[in-house]
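Novice: Structure of the sequence below:
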Amino acid sequence: MRLALAQFSAEADKEANLKVIGEYVAAAADGGARLVIFPEVAMFFMAQPDDQFVAAAEPVDGPFAQAVADLARRHRISVLYGGSETVPGEDRVYNTLVALGADGSLLGTYRKLHLYDAFGYLESERVRPGEHGDPLTFPVDDLVVGALTCYDVRFPEAFRQVVDAGAQVVALPAAWAAGPRKEAHWDTLVRARAIENTVYVAACGQTPPRCCGNSALIDPMGIAVSALGEAAGITFGDVHVDRVEAVRAKNPSLANRRFTVSPR
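Specialist: Have a look, this model is predicted:
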């Protein structure tokens, strides 16, 4: 199965972001991809979220999601993107991933569990964490894709839960904040999650100057199948069930576990 990673720097302008998403959905489909992955908060992004960020949020069946669903349907390609979801009665939003099928149907959503209250940033001021429960997984052709968001990559147990749910590819939309050594953290963590779980990791980030870019598709041995640097763009990579099976036969770390992590 061929997938595409489309990285760009989203703005505080939903129409502008939708235009970019539309261009990349078309390019991904033309390139033979069956799934295109966009960054975290690709719908509407601010470096320092304020009341405007909260006001821009929509339900997961709102106008923005419907427009992206139309793109998926028109180009016959599955789409995963990040947006902000309204929380009725609150002055915070959910940081939500939306997975859409090639027919435009809603395959599922994931509300970010681990909020980025680190490195001097306080995401929880404007974002409500999701509730721990069954992870998001969805089929694309013969593969099972799971999804997590950005800061979740620093929590190995989150990845392990998605993999235990059957994911052979874990998509990781992100807005990985720029800063000293942050690119090194990103690269190390994404590769580590792929190696320790013997899965593909499809990590798609927003671009500089606010974020690091460096989107990459990493295979179950930690090898980069395809990657981007700092500039906006799209990259393609092929993922294979038999590659996952072959790596797990050589490195049976999942089968050799002595215990699993139980939900709290």
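Novice: From residue 6, how far off is residue 87?
Specialist: 27 Å (C-beta to C-beta, to the nearest Å). Backbone N, C-alpha and C define where each C-beta goes, glycine included.
Novice: Tell me which of the two has more neighbours.
Specialist: A count of neighbours by other C-beta atoms under 10 Å puts residue 6 above the other of residue 87 and residue 6, at 26 against 15.
Novice: How confident was the prediction at the most centrally placed residue in the chain?
Specialist: By C-alpha atoms, centre = their mean, the chain has its centre lying nearest to residue 173, at 2.4 Å. Note on residue 173: pLDDT of 98.
Novice: Helix, strand, or coil at it?
Specialist: Recorded secondary structure, residue 173: strand (DSSP: H, G, I helix; E, B strand; the rest coil).
Novice: Does it touch residue 36 like I think?
Specialist: No. If you go by C-beta atoms under 8 Å, residue 173 and residue 36 don't touch, sitting 11.2 Å apart.
Novice: any shared contact partners between the two?
Specialist: Counting by C-beta atoms under 8 Å, 6 or more residues apart in numbering, the common neighbours of residue 173 and residue 36 are residue 80.
Novice: Please list all residues in contact with residue 14.
Specialist: By C-beta under 8 Å, 6+ apart, the residues touching residue 14 are 43, 44, 56, 64.
Novice: with those residues in mind, which one is nearest to residue 161?
Specialist: Using C-beta to C-beta, residue 43 comes nearest to residue 161 of those, at 25.6 Å.
Novice: If the nearest residue to residue 150 once chain neighbours are set aside is in a bridge, with which residues?
Specialist: Distances taken as C-beta to C-beta, 6 or more residues apart in numbering place residue 174 nearest to residue 150, at 3.8 Å, with adjacent residues excluded. Taking DSSP bridges as the rule, residue 174 bridges to residue 205.
Novice: go on, residue 111?
Specialist: As for beta bridges, residue 111 partners with residue 96 under DSSP bridges.
Novice: how about the helices in this structure?
Specialist: 14-30, 51-55, 63-75, 156-164, 182-197, 241-250 (DSSP state H).
Novice: List the residues that contact residue 215.
Specialist: Residue 215 neighbours (C-beta under 8 Å, 6+ apart): 5, 7, 39, 203, 204, 205, 227, 228, 235.
Novice: One more: residue 134?
Specialist: Residues near residue 134 by C-beta under 8 Å, 6+ apart: residue 165.
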